[in-house]
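>>> The following comprises the amino acid sequence and a computationally predicted model.
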Amino acid sequence: MLVMLALNYWVKNRVSTNKKILLPVTVENIQDKGFIEAKGRQILDWIDSQRDERWAYHQSSSCPIGDKDCVNFIKAGVSGHLGLINMWARYEWYETFNNPIDLEVFKKDLKIYSDSNKFSGSIQNDTWNCYLVKKWLESDDFDSREKQMLDEICWNSRYFTPSEVTAKTSYKRGPWSEEENAFLRGDEIVDFSFPEKISPDEVNLELNQQDLNLGFIYPDMSSDYFVRYELRNKPEDLIKAKYFLSKSFKLFDNPEWSVDSADFDCRLVYLWDQAVSKGWVENLETYKNKLMDKVKEKSYLERCGLYLLENENEGAVVKDSVIKIIQDKVDILNKFIVGIKTPGQYNLRDVSLLLIQLTRIYEKL
């Protein structure tokens, strides 16, 4: 209890102190290690300030457009799966700068988000769950009890059903087949058969209306099922991973499908690298070249910048462009953090991904 009280006190006082610091942002100092460490810490401290009374992260903070003085500053509700992205950002920061307090804060987050009475049963996988957890499970930073908590997050997370997506979005929806619905939920194993290695030009699955509506989460679902297979070696998880990977191939080539395509394509890059590294795909070169041509376009750089910075071959080509985009975002965040609140919404997922991008730039300097 005393440790938690001390941790709470440290976070509150650290945030209130750093909010007063105004760090100028230029293209030059975004490539300076000292600046990145100071600015990144300031952003992380702001993330810490975006919690509710349970210590859970709010989804976003916003100043409504037209509210020049931000009188009606609003914090949105909390979200289990988005909380994992914030935890990811903190752990990446901890690995780079080795401040033990950051690891302790991560572990406190872990207790909150693995609690089945609070979050683990409602963490939905329209973002990575098991994919992120696997790295933490392999780390020596966590004891057996903490790894059990991580395991709970992976295996208790919920997979969207078509009816849930229908209720949550405004996209046109069609009828769902019970077979597909059961497959998505994982209630039963559908008897699909796949070769050891999948070739995108030989996928024999056809797209249906559900795929066009729901496909934006297929790359993340495939990534998670691949990881589940690695963790527990259940054949049905490999079947599901290959199923959603195959469907993703078909969606990528479908001109009628454009739901959040930038986000889909960036997630697909990670999935394909994952599948290639495990030997689950072949004949991918043409698709990979087409995809990389897309993600290097200016409109994609903001979404795909993290991948491009993580991979030397692709990343070096656009590093300067990614840095300029980050510089623009940090400039806005700088005003926001110190209290010069500008109209607009600040999504914690985007802020956390921004922090990870800063970490990657730091590692490359």
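Great, that's in hand.
>>> Tell me which residues touch Ile30, please.
Ile36, Ile323, Ile326, Gln327, Val330, Ile361 (C-beta atoms under 8 Å, 6 or more residues apart in numbering). Bear in mind the C-beta positions are built from the backbone N, C-alpha and C, glycine included.
>>> Go ahead and confirm the second one touches Asp32.
No - the pair Ile323 and Asp32 fails to qualify as a contact (C-beta atoms under 8 Å) at a distance of 11.5 Å.
>>> Tell me which of those two has more neighbours.
Higher neighbour count among Ile323 and Asp32: Ile323, with 18 against 14, using other C-beta atoms under 10 Å.
>>> Now that one: closest residue in space that isn't a chain neighbour?
Ile30 (5.7 Å; C-beta to C-beta, 6 or more residues apart in numbering).
>>> quick one: contacts for the nearest residue to Leu207 once chain neighbours are set aside?
Nearest non-adjacent residue to Leu207, counting by C-beta to C-beta, 6+ apart: Lys250, 5.2 Å away. Counting by C-beta under 8 Å, 6+ apart, Lys250 makes contact with Val203, Leu205, Glu206, Leu207, Asp211.
>>> what about Ser246, distance to His58?
According to C-beta to C-beta, to the nearest Å, Ser246 stands 37 Å off from His58.
>>> now Lys118, what's its secondary structure?
Three-state call for Lys118 (DSSP: H, G, I helix; E, B strand; the rest coil): coil.
>>> I'd like the distance between it and Ser60.
Going from Lys118 to Ser60 by C-beta to C-beta gives 20 Å.
>>> what about the strands in the stretch 51-200 of the chain?
60-63, 74-75 (DSSP state E, counting those that start in this stretch).
>>> How about the contacts made by the residue lying closest to Phe249 once chain neighbours are set aside?
Nearest residue to Phe249, sequence neighbours excluded (C-beta to C-beta, 6+ apart): Pro200, at 4.2 Å. Under the criterion of C-beta under 8 Å, 6+ apart, the neighbours of Pro200 are Phe249, Asp253, Val281, Asn283, Leu284, Tyr287.
>>> Can you tell me which of the residues you listed end up in helices?
Counted as lying in helices by DSSP state H, out of the contacts of Pro200, are Phe249, Tyr287.
>>> Report the buried members of the contacts of Pro200.
Phe249, Val281, Leu284, Tyr287 (16 or more other C-beta atoms under 10 Å).
>>> What is the nearest of the residues you listed to Phe194?
Nearest to Phe194, judged by C-beta to C-beta, of the buried ones among the contacts of Pro200 is Val281 at 10.8 Å.
>>> surely the closest one meets Ile198?
Yes - at 5.1 Å, Val281 counts as touching Ile198 under the criterion of C-beta under 8 Å.
>>> Residues that sit against both of these two, list them.
Taking C-beta under 8 Å, 6+ apart as the contact rule, Val281 and Ile198 both touch Leu245, Ala275.
>>> What is the burial count for Ser144?
6.
>>> separation between it and Glu236?
Counting by C-beta to C-beta, the gap from Ser144 to Glu236 is 27 Å.
>>> what sits against Trp136?
Tyr91, Phe142, Lys147, Leu150.
>>> quick one on the thing from earlier: would you mind putting the contacts of Ile30 into a markdown table with pLDDT and secondary structure alongside?
Output for the contacts of Ile30, formatted as a markdown table (pLDDT from 0 to 100; DSSP: H, G, I helix; E, B strand; the rest coil):
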| residue | pLDDT | secondary structure |
| --- | --- | --- |
| Ile36 | 88 | helix |
| Ile323 | 77 | helix |
| Ile326 | 79 | helix |
| Gln327 | 78 | helix |
| Val330 | 77 | helix |
| Ile361 | 84 | helix |
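>>> mind putting the residues you listed in TSV, distance to Glu310 included?
Shown next, in TSV, are the contacts of Ile30 (distance: C-beta to C-beta, whole Å):
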residue	distance to Glu310
Ile36	16
Ile323	14
Ile326	14
Gln327	19
Val330	19
Ile361	11
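>>> what's the closest of the residues you listed to Arg51?
Val330 (21.9 Å).
>>> Surely the closest one and Ala38 touch.
No - the criterion here is C-beta under 8 Å, and Val330 misses it with Ala38 at 11.4 Å.
>>> the more surrounded of the two?
Val330 (24 against 15).
>>> still on that earlier bit, any of the contacts of Lys250 buried? List them.
For the contacts of Lys250, buried by 16+ other C-beta under 10 Å: Val203, Asp211.
>>> Of the contacts of Lys250, which belong to helices?
Using DSSP H, Asp211 are the members of the contacts of Lys250 that sit in helices.
>>> Output the contacts of Lys250 in a markdown table; the columns should cover pLDDT.
Output for those, formatted as a markdown table (pLDDT from 0 to 100):
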| residue | pLDDT |
| --- | --- |
| Val203 | 84 |
| Leu205 | 81 |
| Glu206 | 84 |
| Leu207 | 84 |
| Asp211 | 79 |
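>>> Would you check how far apart Trp55 and Tyr94 are?
Distance from Trp55 to Tyr94, by C-beta to C-beta: 18 Å.
>>> If you could redo that for Lys75, that was the one I meant.
25 Å.
>>> For the residue nearest to Leu358 when sequence neighbours are not counted, give me phi and psi.
Nearest-residue entry for Leu358: Gly40, 4.8 Å, with adjacent residues in sequence omitted and distances by C-beta to C-beta, 6+ apart. When quoted as degrees, to the nearest 10, the phi and psi of Gly40 stand at phi -60, psi -40.
>>> Low-confidence bits of the stretch 101-250 of the chain, can you list those?
Across the stretch 101-250 of the chain, the ranges flagged by pLDDT under 70 are 119-127, 158-191.
>>> Can you report how many residues neighbour Glu202?
Using other C-beta under 10 Å as the criterion, the residues surrounding Glu202 number 12.
>>> Quick one: residues contacting it.
Residues in contact with Glu202 (C-beta under 8 Å, 6+ apart): none are found.
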